[in-house]
Structure formats: structure tokens, C-alpha cells
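Student: structure here, sequence nowhere to be found:
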């Protein structure tokens, strides 16, 4: 299992953020539960993060947001999950022998919607790193970056679960369309409680097998 924590940055999550996703703060508790569970269960987690330049072309379509080095670009839970860490910068080159290491937190920076626009991570996707893997996706925004990440994972033949009570979208209509599109692509919908329950059951089974 791999967790994908999508764009949970102050500019998106805070009511006074530069590109606030309405209602995003209401999922903070579930985001924290998931990220703490990742640490307890030692689940590798990929946190995407916008890291824009001051003159980023995206600012022709959206207000300036998540400019690299600013408070707005920081994650709302910067210390979670408490796992070994690796930062993957914007434009990071592919590494032929790279793989998603166990019990590792990756902070993958990007300048467009899809976390797989980062060449390092896209090379892993193209190489089959997520094929058959259960990938649990949460964060913002459902109708933009969450949608892009989940569709890219589904296209890579991952088993993709989107956590309904740990995502928020920009607008109701586009969010509903995104959810329909995701389900049509084979993405499953789940809840925070169900994800945590499955982790608990897996942990119990592992302990029973060792006893």
C-alpha cells in the first residue's frame, strides 16, 4: 500500500490561502489521522506539493499561489508522516534504479496539476512501480490535482482508492464529474475509517502470523 497526499498546502487548505479550496479545512482531522496511521503502519507516502516560480505561466489562469519558499507553499502537516524522508525537486531526473522504498515519505514537487509531471516519479510510473499496488489518494482538489493523480495511477494499473471524506473539490459540479470519471476509470471510493480499519486488520493478521 502507498498513500498519496495531494497538495495539502496552506494556500489551498487555509481559508485565507491564496487559492483556498472551500471547505478544505474540514478534512484536516482525517488527513492527520491518515498521515499518523502511515507512520504507525510504516506505509510509504508520496506528498505532492506545488512549487511555483514568481512568474509561473499557470498564474495566467489562476491567482499566484504556492510560490516556492513561501508559507503558502508549505504543507499543513510538515512533520507527518514521521518516516524517513526524501525530497524530489521540480524537474528531478529519472533514476534508472529508483524504486519506492518501504517506510519512506517522499515530498514530490511539481509545477502543474499532476504529480506525475515530475519526471522522477513519472519514470517510476512508466516502469511499473505502481502496477497492482493499492494506492490510497487524498487531499485537494478533487476536480484538479486529486483527479489527475488518481487517473494517472489507474492508467498504470494500480488499484486506486480515493478517500471521500479526506478530499475536497473546487466546485460541486466539476467535483461530481471528476468522481464519475474516476469511478469509470476503475477507481474505488472509500472512507478514512475504512482505510484505518483495513490497516488495523492487516496489523492484527501480521502479528498473528508471527506468534
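Tutor: Alright, I've got the coordinates. Just so it is clear, the structure is predicted and the values come from calculations on it, not from any experiment.

Student: quick check: residue 128 vs residue 21, distance?
Tutor: 32 Å (CB to CB, to the nearest Å). C-beta coordinates here come from the backbone N, C-alpha and C atoms, glycine included.

Student: looking at these two, which is more packed in?
Tutor: Using other CB atoms under 10 Å as the criterion, residue 128 and residue 21 rank with residue 21 on top: 27 against 12.

Student: that's a strand at the more buried one, yeah?
Tutor: No: according to DSSP: H, G, I helix; E, B strand; the rest coil, residue 21 belongs to no strand; its state is coil.

Student: let me see the contact set for it.
Tutor: Residues in contact with residue 21 (CB atoms under 8 Å, 6 or more residues apart in numbering) are 12, 13, 140, 141, 168, 169, 170.

Student: tell me how many other residues surround the closest residue to the second one other than its chain neighbours.
Tutor: When you say that, I think you mean residue 13. Of all residues not flanking residue 13 in the chain, residue 24 sits nearest, at 4.6 Å (CB to CB, 6 or more residues apart in numbering). Residue 24 is flanked by 24 other residues according to other CB under 10 Å.

Student: for residue 3, see how far away residue 24 is.
Tutor: 18 Å.

Student: strand partners of the longest strand seen in the chain, parallel vs antiparallel please.
Tutor: Longest strand in the chain, counting residues (DSSP state E): strand 159-168. Sheet pairing of strand 159-168 (DSSP bridges) gives strand 134-140 (parallel), strand 188-190 (parallel).

Student: wait, doesn't the residue nearest to residue 13 sit right on residue 142?
Tutor: No: between residue 24 and residue 142 there is no contact under CB atoms under 8 Å: 10.3 Å.

Student: who touches both of these two?
Tutor: Common neighbours of residue 24 and residue 142, using CB under 8 Å, 6+ apart, are residue 168.

Student: now the strands: where do they sit in this structure?
Tutor: 2-6, 45-50, 84-88, 104-110, 134-140, 159-168, 188-190.

Student: okay if I get those as TSV plus mean pLDDT and distance to residue 31?
Tutor: TSV is the format used below for the strands of the chain (pLDDT from 0 to 100; distance: least, CB to CB, whole Å):
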stretch	mean pLDDT	distance to residue 31
strand 2-6	98	7
strand 45-50	98	11
strand 84-88	98	18
strand 104-110	98	14
strand 134-140	98	7
strand 159-168	98	6
strand 188-190	98	15
